[in-house]
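Student: below is the structure, and that's it, no one-letter string:
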């Protein structure tokens, strides 16, 4: 601000000391509280990283809170090969990817119908989807287990694929339906007049325009399905079909005295999820419908 | 190229209530520019959407060309539509937006490109073909929306308030361009608007709607000169027509329109028809531009065919003035020449040419004379 001296105001036009800065209490308190939280949050991750990279001997001698004596990349190799993580990891993808695609495909179809067509009972169907997600999954464990048995799916990939698809459908439909309602309806009308049939409208307009929310959902769902432990435990028993989560638990039994291998395996298991998040993050903020109207 | 016929068309939404469109009968001629106008909620958009096939027809028939289209899906009706929000496909380039309807109609690639180029030339949007809609201004988007209709070469163009998202200057400019475009493409256009200026300037004929009912279908001039009812009379023209309730009285073998404030002789040509309203109240309507200071009237006026008024407010607009006139509590608006010298409080007499006076039945609001 320019300082002006008023003639006759009495005060000499000398330089004024800068207005005294207030002590930044807010910032200080914020950092004082948050930094410990961040550290507590990071400690296990950091320990996991350190431990996975050192030898068991060094760990025994110096304890887990010390710097590694040597970097042992071999731990990862051991977990991957002998620990069977290569198998478990492959299983995880074999389960997660079809389940993810199936869920997104079915829920986007359902969401399109619920968002864009007026028909009797549409709201009821919508609420059923929402209500289904509110069901505590503990009460489903026994029925689902028995159903999978009946369907001869128990102890197969399909048990988990089908289950995850069914179980995630509610949430995905809910999210996508609400997103698709925000797309201006005139775009679909225009496509209809331009000659598109309903499935084409879904495929060429509703789907691409919902990409931001589909990408966000895909990221979330991938993480949820990939990290699922409970249902993998309930529905798959055979090592051959176990995903990485129950696989790690298996590792815990076999390598109970070798923390370094165990931790290396754990780190391998989180890599896909972390990569996915890093890769798809940009979709979250991309507003694809911008500029479509007005 | 085709005519469009509404044959007793109604639209009743489930859940009951009033019909959005009520027994609409009209024929839109081949290559005609027909404007559907009315206040919001009058059913004009619904009527258009029924032509497009975006709304089901509850009753009656819509015929395009020689086909009843009631049960045809939108894509088989050969209509193109321009939406108020333009409804461009945001994830496609302008080129793809324009080519989209052609692609769906399996037009070969070569012809497709040629038609897109031609439409882009017509609308002067060639330089934007590779952009996405969000990189265009409102006016440019509007052109793309028009282009998407033009490439189709459809029988009928439907336009749903296509200018209402443009700023005032661009709107006037685009209005003129649309008129020229219609001359060039020679297709039937149904144009929905709530703006009576747009309606008057663009339409070959205008269909005025209110509350789902067609009020009058006529040329702009006819609509202005001979409104069929009080609604049309009030809707067309700005500032809108003055209405006052008058009593039809007889004395000395002549008819007079009387209010507590004045007693004005009814012109002879109207008198014969108003005879049957003697002793009753009717609504007198006269447009502001037709209400002039007595001495300025071209035809000779009988001294008792005027209304004595007091000047209340004068609004200067440069090319014209609006004068608000008082007569015993009744306010009349008059649109006058700016060279007339008036002062507030001044007492003058105003009158209108006989054929500029409209009389409406107070119950039915239909014009009677």
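Tutor: Structure's in. What do you need? Treat the numbers as computed from the prediction; the structure is a model and nothing was measured. Numbering: from 1, shown residues only, chains lettered A, B, ... in the order given.
Student: quick check: residues of the stretch 51-200 of chain A near chain B?
Tutor: Residues of the stretch 51-200 of chain A found near chain B (C-beta under 8 Å from any C-beta of the partner chain) are A:184, A:186-187, A:189-197, A:200. (Glycine included, C-beta is placed from N, CA and C.)
Student: closest residue of chain B to chain A?
Tutor: Chain B approaches chain A most closely through residue B:134 (2.1 Å), counting by C-beta to the nearest C-beta.
Student: helices along the stretch 51-200 of chain B, start to end?
Tutor: In the stretch 51-200 of chain B, the helices defined using DSSP state H, counting those that start in this stretch lie at B:94-104, B:109-123, B:138-150, B:168-185, B:196-202.
Student: could you redo the ones you listed as JSON lines and give each row distance to chain A and mean neighbour count?
Tutor: Below are those laid out as JSON lines (distance: least, C-beta to the nearest C-beta, whole Å; neighbours: other C-beta atoms under 10 Å in any protein chain shown):
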{"stretch": "helix B:94-104", "distance to chain A": "4", "mean neighbour count": "22"}
{"stretch": "helix B:109-123", "distance to chain A": "13", "mean neighbour count": "16"}
{"stretch": "helix B:138-150", "distance to chain A": "7", "mean neighbour count": "23"}
{"stretch": "helix B:168-185", "distance to chain A": "14", "mean neighbour count": "14"}
{"stretch": "helix B:196-202", "distance to chain A": "19", "mean neighbour count": "20"}
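Student: can I get these in a markdown table including mean pLDDT?
Tutor: What follows is these, written out as a markdown table (pLDDT from 0 to 100):
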| stretch | mean pLDDT |
| --- | --- |
| helix B:94-104 | 94 |
| helix B:109-123 | 91 |
| helix B:138-150 | 90 |
| helix B:168-185 | 88 |
| helix B:196-202 | 91 |
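Student: can you give me the neighbour number for residue 151?
Tutor: With no chain named, the answer covers chain A. 12 (other C-beta atoms under 10 Å in any protein chain shown).
Student: chain B was what I was after
Tutor: 25.
Student: among the residues of the stretch 51-200 of chain A next to chain B, which one has the most neighbours?
Tutor: In terms of neighbours by other C-beta under 10 Å, these top out with residue A:190 at 31 neighbours.
Student: am I right that that one sits in a strand?
Tutor: No. Assigned with DSSP: H, G, I helix; E, B strand; the rest coil, residue A:190 falls outside any strand and is helix.
Student: apart from its chain neighbours, what residue comes closest to it?
Tutor: Closest residue to residue A:190 apart from its sequence neighbours, by C-beta to C-beta, 6 or more residues apart in numbering or on different chains: residue B:87 at 4.0 Å.
Student: ok, residue B:147 next?
Tutor: residue B:119 (4.5 Å).
Student: who's in contact with the one you found?
Tutor: Going by C-beta atoms under 8 Å, 6 or more residues apart in numbering or on different chains, residue B:119 touches B:98, B:147, B:150, B:151.
Student: what's the closest of these to residue B:110?
Tutor: Ranked by distance to residue B:110 (C-beta to C-beta), the contacts of residue B:119 are led by residue B:151 at 14.1 Å.
Student: hang on, that closest one packs against residue B:98?
Tutor: Yes. Judged on C-beta atoms under 8 Å, residue B:151 makes contact with residue B:98 at a distance of 5.4 Å.
Student: any common contacting residues for these two?
Tutor: Residues touching both residue B:151 and residue B:98 by C-beta under 8 Å, 6+ apart: B:116, B:119.
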